[in-house]
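> Below are the sequence and a predicted model; questions follow.
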Amino acid sequence: MVEALIRSVLGNLTVLMFPVAFVMAALVRRSASYETRLLDWMLLLFVGVGSVWSGLFHVFFPSIASKSIGWAPSPFETEIGIADIAMGITGIVAFWRPLQFKGAIILYVVVFFTGVAINHVYDALTARNLAANNFGLLLICTIASIFLLPWLYFRAQPTGRVQ
C-alpha cells in the first residue's frame with residue numbers, strides 16, 4: 001500500500017504541484033496579493049519542480065516517460081528532457097527574482113505549453129492516444145497554466161499594467 005502511494009505521488013508529481021501552488025499561496029503570505037503569491041508558487045512548483053521532474057524522466061527514464069505519454073521511445077526524448085530541465089530551473093530561480101524576470105519565463109512557458117497542448121490534443125484526436133500523460137490531468141493543468149500565468153503576471157503589476 002505504501003509502495004503504491006509512493007509510486008502514485010512520484011508518477012503524478014507535476015500534476016500535484018498545480019494544486020499545491022494554490023495551497024502554498026494561501027498559507028504563505030510573503031507578498032501583498034494572493035495573485036502575486038500564486039504566480040510565485042506556480043513558477044516554483046508547477047513550472048519549476050514539475051518541469052525538472054518531467055525532464056529528469058525524459059533524460060534518465062525515457063522508456064517510462066514515453067510509455068506514460070503513449071508514445072514510442074525516441075532519441076529526441078533527451079532533448080525535450082533538457083529543455084524541460086532548463087525551463088524548470090528558470091522557473092525555480094524566478095521565485096526569488098523580480099517581476100520582469102518572471103515575465104520572460106512566463107512567455108517561454110506559454111509558448112512551449114501551447115505547442116505541447118496542441119500536439120497532445122491532436123494526438124488524442126488523430127491517433128486515439130488517451131494515455132494518462134497525453135490526454136489527462138496533466139494536459140488540463142498545462143492548458144490552465146497557459147491562461148493562468150499571464151493573468152497572474154498582469155495582476156501582479158503594481159499599476160495593473162504590464163511594464
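Ah, there it is.

> Just the helices from the protein, written as ranges.
Assigned by DSSP state H, the chain shows helices spanning 2-11, 13-27, 34-41, 50-60, 62-69, 76-94, 99-127, 137-156.

> where does this structure have low pLDDT?
For the chain, the stretches with pLDDT under 70 are 31, 160-163.

> is it true that H58 touches A65?
Yes. Here H58 reaches A65: they are 4.8 Å apart, a contact under Cβ atoms under 8 Å. Where C-beta positions appear, they are placed from N, C-alpha and C, glycine not excepted.

> can the helices of the chain go into a markdown table with extra columns for mean neighbour count?
Listed next are the helices of the chain as a markdown table, based on neighbours: other Cβ atoms under 10 Å:
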| stretch | mean neighbour count |
| --- | --- |
| helix 2-11 | 10 |
| helix 13-27 | 18 |
| helix 34-41 | 22 |
| helix 50-60 | 21 |
| helix 62-69 | 17 |
| helix 76-94 | 18 |
| helix 99-127 | 16 |
| helix 137-156 | 18 |
